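In: okay, predicted coordinates and the sequence, questions at the end:
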Amino acid sequence: MSVILLDIGNVLVTVDFMRFCRAVAIDLNSAPEEIFRKYCTGELKEKLETGWIGPLEYLALIASDSQVKAMPLNVLKQHWQDIFEPLEGAVEAVSFLGEKHSLWIMSDTDPLHFTFLLNNYPLLRRADRYYLSFEHGKMKTSVEAFSHVLDSSGHRADEFILIDDKVENGASASTAGIRSIVFQSWPDTLALL
């Protein structure tokens, strides 16, 4: 029995940050792209996802932006969390994999997204363990994130398989000795296993 490290975004659920950007933008012509650039990608978002910025501080930063509509923080939080949809085949694949493998979630995420996902997508509750960037402070683009998994798990690198949609995360896993599969669809991924 091996351990499958499952990414969340675009492996278990789809992620659409532009839904958030359009929902909060004052001007729909140019603001959504600017909001995306400032808050949905890059160094600032990485600070949120590695625990250097707290979620309420992050939301307050977004709320203070002149391109963002005035709204209570709890409404802004709802928009921030309302970016996910079920990914076709994920529920069945997780059920199938869980019969033969131990399933661990390994995700670059923030506390608001993870709490929302855990509460609204029961398939995430099937995991035996969670390795979340906001808890251990490392993104999967760094080998240290995978070294942390190995150091804290009691397992050898050859006992793991990472399923992730980002090639660069697979490269970091490989450097740590962990085999990876670049996710494109569940039928393709299951065939590769």
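Out: Yes, it's here.

In: point me to the helix or strand that includes the closest residue to Tyr131 other than its chain neighbours.
Out: Excluding the flanking residues, the one nearest Tyr131 by Cβ to Cβ, 6 or more residues apart in numbering is Met106, at 4.4 Å. C-beta here means a position set from N, CA and C on the backbone, and glycine is covered the same way. According to DSSP states H and E, Met106 maps onto strand 102-107.

In: just how off-centre is that strand within its chain?
Out: Chain-centre distance of strand 102-107: 11 Å, with Cα atoms, centre = their mean, to the nearest Å.

In: now stretch 127-147
Out: That offset, for stretch 127-147, works out to 10 Å (Cα atoms, centre = their mean).

In: and the end-to-end length of it?
Out: Using Cα to Cα, to the nearest Å, the end-to-end distance of stretch 127-147 comes to 20 Å.

In: need the residues that contact it.
Out: Contacts with stretch 127-147, where a contact means Cβ atoms under 8 Å, 6 or more residues apart in numbering, come from 5-7, 46, 48-52, 102-111, 114, 148-149, 153, 162, 164, 166, 168-169, 172-173, 175-176, 178.

In: equivalent analysis for stretch 152-161, please.
Out: Residues outside stretch 152-161 that contact it (Cβ under 8 Å, 6+ apart): 2-5, 101, 129, 149-150, 173, 176-181, 193.

In: redo that, cut-off 10 Å
Out: Where contact means Cβ atoms under 10 Å, 6 or more residues apart in numbering, the residues beyond stretch 152-161 that reach it are 1-6, 97, 101-102, 104, 106, 129, 131, 136, 146-147, 149-150, 173-174, 176-181, 189, 192-193.

In: and those, which are buried?
Out: Buried members of the contacts of stretch 152-161, counted by 16 or more other Cβ atoms under 10 Å: 3-6, 97, 101-102, 104, 106, 131, 146-147, 149-150, 173, 176, 178, 180-181, 189.

In: wait, doesn't Leu5 sit right on His148?
Out: No. With the criterion set as Cβ atoms under 10 Å, Leu5 and His148 do not qualify as a contacting pair; they are 11.8 Å apart.

In: so what sits against both of the two?
Out: Here Leu5 and His148 have 106, 131 as joint contacts, going by Cβ under 10 Å, 6+ apart.

In: Arg125 and Leu61: what is the separation?
Out: 31 Å (Cβ to Cβ, to the nearest Å).

In: these two: who's more crowded?
Out: Leu61 (15 against 10; other Cβ atoms under 10 Å).

In: strands - which of the contacts of stretch 127-147 land there?
Out: Within the contacts of stretch 127-147, residues falling in strands by DSSP state E are 5-6, 102-107, 162, 164.

In: adding pLDDT and distance to Val91 as columns, could you present those in TSV?
Out: Formatted as TSV, the ones in strands among the contacts of stretch 127-147 follow (pLDDT from 0 to 100; distance: Cβ to Cβ, whole Å):
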residue	pLDDT	distance to Val91
Leu5	98	18
Leu6	98	13
Ser102	96	18
Leu103	97	13
Trp104	98	17
Ile105	98	15
Met106	98	19
Ser107	98	17
Leu162	98	20
Asp164	98	19
